[in-house]
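1. got a structure for you, letters missing:
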C-alpha cells in the first residue's frame, strides 16, 4: 500500500488544518493523561523504528520509515514472573466460543490449543491435528490427532473433546461468535479415538484455515458440561491443554497464568513460571506503568503512546506486520443504514493525514475494505488487479460529500460513534473526523464507552443502543481474506449489523469463493464481492495499523506480528 503525502491543510477554508488540530487535541489530551509530547513530534510523519532480529526472519521498512519485524530477539533464559497488559481491557469471557476481541483471543491462545497452528511468520503448521485430508469432492475433511496430549487436570485429549468443542460453534444456545466459520458444516464426528471427520454441505476452503485461530480452539468436553453457563467465567474457569494454566481471575484487576510444565510441545514450555495480565486501557496510565516498570510489556500499544515510549530507556518499542484494519461498522439505526451518510463520512476523511500525524507513520491509509495486509499471498497479482480496478479516490472530496447529502433529511441528525474509554488514539481520530464532517454539515457525536460495554457492543445489540457506528480496530484470525470479509461483509456475519442489497449480492459471491479451492479463481470471486461491498460502503475503512509491541529491557522473545493473538506468544517471553 502506498503512503501518500500528508495534507497539512485544506483548500476549503472552513476546515481546521490537520497539523493544528492534532497539536491541539493530542498534546493537550496526552499531557493530561500523565505524559507530554512536543508539538514538533506531531508534525513528523514517523520516528518509530524496530530493529531487525538475528533469528533468521528479515525485517522490512514501510514507506514511512517504520521497520517491521516478525520476532524480537529470543529469550536467553527463564524468568520467575512478568507483567503484561491486555490490548483492549478485560475479556468479557474466556469461553472460546464467545471470545471475539483481541484481549480474549490472546489469553485463549496461551491457555488453549487449536487444531492447526498459525505460526509467527504467518504460515500454517500442525498442532493438535498432526495431519488432515480432504476427499476428492472436498465434502469430507479428516483430521488425525496427536496421541500424547493431556488437559491440565491430566485427562487425555480424545476425538470426543475435539468434536464437541467444534460443535459448540454451531449451537446457538452456546452463543458462538464464530458461527460464520461453520455455515457449510453438515456434521462433525469422532470416528475413532484420535480421528475426527468433518462433513460439509458444500465445499468450504475457509474452514480448514480457521482451525488455526479461535474457531479451532479445543477444550475438555466433560469440564464444559459440568461448568454449564459458568464455563469461561471467573468463577467457572476453563479446562484446556495449552502451555499456561489459568491460576486466578480477579475481575476488574488481573489474571494470573502459571506455566504448564507438562505441556506436550516441549519447545513451547513457558520461560516464565507465572504471568500476570492487567486490564489497563487508559493510554496515559499504561505509558506511566510501562516507563516505571510496573508493567513489563504490552501488545497493540495505542499510537498516541508512541512518542512517549520511543527511545525510552526502560524498554523498547517494536513494530510488526498486522492484517489489522481500523474501520467504522454501521449499526442498524436509521443513520447507520443511510448509504449516503456512510459514503459522505468516508469521502471527507483525510486518511493520509491520520496515518502520518495521529499514528506517527505506524499505519497506512486504507481506501479499500480489503487493504494489502489482508490479501492472500497465493494470489497477489490478482488482488492488485482487483484493487486497481476499484479506482478508489485517495484524497478527501468534501464538495462531493456535501452534494451527496444535500437533500438527505437524516443528514441533520447526530451521528453517534463510540470510542473505547482511555484510548487516546481512537478519540484523536474521531475528533479530527468530527471537524472534517462539520465542514459539510454532519454532526459527529463521540460516545465514550467503558471497556466492558465497548467490548460487548460488537456482539450484543443492547450494548450498541444509541450508537450509529462502532470504531472497530479489527484483525483477522488467520491470513485469509475470507476471514475478514466473512465477518464484516457476509450477510449474517457477526460484525455485519445492517442488511442491504449490496450485502446480499456480495454474500452470493463470497459463498462461491468459499467453495473454490484455487487461489486465483477464488480471488476473482472475492473481487466481485469487494466491488459490491465498496459501492454500498458497508464498512468505512480508516487505516491499516501496524502492531506496536513494547517490552521492558529485562525481558525479550515476544512475537512482533499479529500472530500473537493466535500463537502462544507469552510462552516465548523470558529473560533478556
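-> Nice, I can see it. The shown structure was predicted, so the numbers you read here are calculated from the model rather than taken from an experiment. Numbers count the residues shown, from 1 in each chain.
2. And the helices in the stretch 101-250 of the chain, which stretches?
-> With DSSP state H, counting those that start in this stretch, the ranges of helices along the stretch 101-250 of the chain come out as 102-111, 159-167, 205-210, 221-227.
3. end-to-end on stretch 188-196?
-> For stretch 188-196, the first-to-last residue distance is 7 Å (Cα to Cα, to the nearest Å).
4. coming back round to it: pick the most buried one from the helices of the stretch 101-250 of the chain.
-> helix 102-111 (a mean of 25; mean count of other Cβ atoms under 10 Å). Quick note: C-beta positions are derived from backbone N, CA and C, even for glycine.
5. related to what we said a few turns ago, tell me which of the helices of the stretch 101-250 of the chain lies nearest to residue 369.
-> helix 205-210 (17.4 Å; Cβ to Cβ).
6. Now tabulate the helices of the stretch 101-250 of the chain in a markdown table and tack on distance to residue 545 and mean pLDDT.
-> Formatted as a markdown table, the helices of the stretch 101-250 of the chain follow (distance: least, Cβ to Cβ, whole Å; pLDDT from 0 to 100):
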| stretch | distance to residue 545 | mean pLDDT |
| --- | --- | --- |
| helix 102-111 | 12 | 94 |
| helix 159-167 | 31 | 98 |
| helix 205-210 | 23 | 92 |
| helix 221-227 | 35 | 98 |
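7. For residue 554, which of those is the nearest?
-> Per Cβ to Cβ, nearest to residue 554 of these: helix 102-111, 19.9 Å.
8. Is there a neighbour count for residue 506? I'd like the number.
-> 27 (other Cβ atoms under 10 Å).
9. Tell me which of the helices of the stretch 101-250 of the chain approaches residue 177 most closely.
-> The nearest among these, by Cβ to Cβ, is helix 102-111 at 9.7 Å.
10. Counting by contacts, list what the closest one packs against.
-> With contacts taken as 3 or more Cβ pairs under 8 Å, 6 or more residues apart in numbering; DSSP states H and E, helix 102-111 sits against strand 244-250, strand 254-259.
11. quick check: domain ranges of this structure?
-> Split into domains by automatic domain parsing, the chain comes to 113-230, 247-320+547-575, 323-545.
12. among these, which is nearest residue 69?
-> Among those, if distance is taken as Cβ to Cβ, the winner is domain 247-320+547-575, at 4.9 Å.
13. on that earlier part again, okay, the domains of the chain in JSON lines with distance to residue 91 next?
-> JSON lines is the format used below for the domains of the chain (distance: least, Cβ to Cβ, whole Å):
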{"stretch": "domain 113-230", "distance to residue 91": "12"}
{"stretch": "domain 247-320+547-575", "distance to residue 91": "8"}
{"stretch": "domain 323-545", "distance to residue 91": "8"}
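14. quick one on the thing from earlier: how about the helices of the stretch 101-250 of the chain in a markdown table, adding distance to residue 564?
-> A markdown table is the format used below for the helices of the stretch 101-250 of the chain (distance: least, Cβ to Cβ, whole Å):
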| stretch | distance to residue 564 |
| --- | --- |
| helix 102-111 | 6 |
| helix 159-167 | 22 |
| helix 205-210 | 18 |
| helix 221-227 | 26 |
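15. For residue 466, which of those is the nearest?
-> Closest among the helices of the stretch 101-250 of the chain, once you apply Cβ to Cβ, is helix 102-111, at 24.0 Å.
16. Closest to the centroid, which residue in this structure?
-> The chain has residue 475 as the residue nearest its centroid, 2.8 Å off, counting by Cα atoms, centre = their mean.
17. Would you state the strands of the stretch 201-350 of the chain in chain order?
-> 217-218, 244-250, 254-259, 272-278, 297-298, 315-320, 324-330 (DSSP state E, counting those that start in this stretch).
18. Run the chain-centre distance for the second one.
-> On the basis of Cα atoms, centre = their mean, to the nearest Å, strand 244-250 is displaced by 23 Å from the centre of the chain it belongs to.
19. Now do the buried residues in that strand.
-> Neighbour-count burial for strand 244-250, counted by 16 or more other Cβ atoms under 10 Å, picks out 244-246, 249.
20. before we move on, back to that, for the helices and strands packed on helix 102-111, give me CSV that also has distance to residue 499 and mean pLDDT.
-> Listed next are the helices and strands packed on helix 102-111 as CSV, based on distance: least, Cβ to Cβ, whole Å; pLDDT from 0 to 100:
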stretch, distance to residue 499, mean pLDDT
strand 244-250, 37, 98
strand 254-259, 38, 98
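21. you'd agree the residue nearest to the centre of the chain is up against residue 326?
-> No: using Cβ atoms under 8 Å, residue 475 is not in contact with residue 326; the gap is 9.9 Å.
22. number of nearby residues for residue 201?
-> 11.
23. typo on my end, residue 287
-> Residue 287: 28 surrounding residues under other Cβ under 10 Å.
24. Please, where are all the helices along the stretch 351-500 of the chain?
-> If DSSP H, counting those that start in this stretch is used as the criterion, the helices of the stretch 351-500 of the chain fall at 351-353, 380-390, 398-404, 424-438, 451-457, 481-488.
25. so where is the stretch 451-576 of the chain shaky, pLDDT-wise?
-> Within the stretch 451-576 of the chain, the stretches with pLDDT under 70 are 477, 479.
26. what about the strands in it?
-> Going by DSSP E, counting those that start in this stretch, the stretch 451-576 of the chain shows strands at 469-475, 539-545, 547-552, 555-556, 574-575.
27. Show me what the second one pairs with in its sheet, parallel or antiparallel.
-> Which is strand 539-545. Take DSSP bridges as the rule and strand 539-545 pairs in its sheet with strand 324-330 (antiparallel), strand 363-365 (antiparallel).
28. contact partners of the first one?
-> By Cβ atoms under 8 Å, 6 or more residues apart in numbering, the residues outside strand 324-330 that reach it are 336-337, 342, 345, 363, 366, 369, 371, 373-374, 417, 429, 468-475, 484, 488, 495, 497-498, 538-547, 562.
29. Having no further points to raise, I will conclude here.
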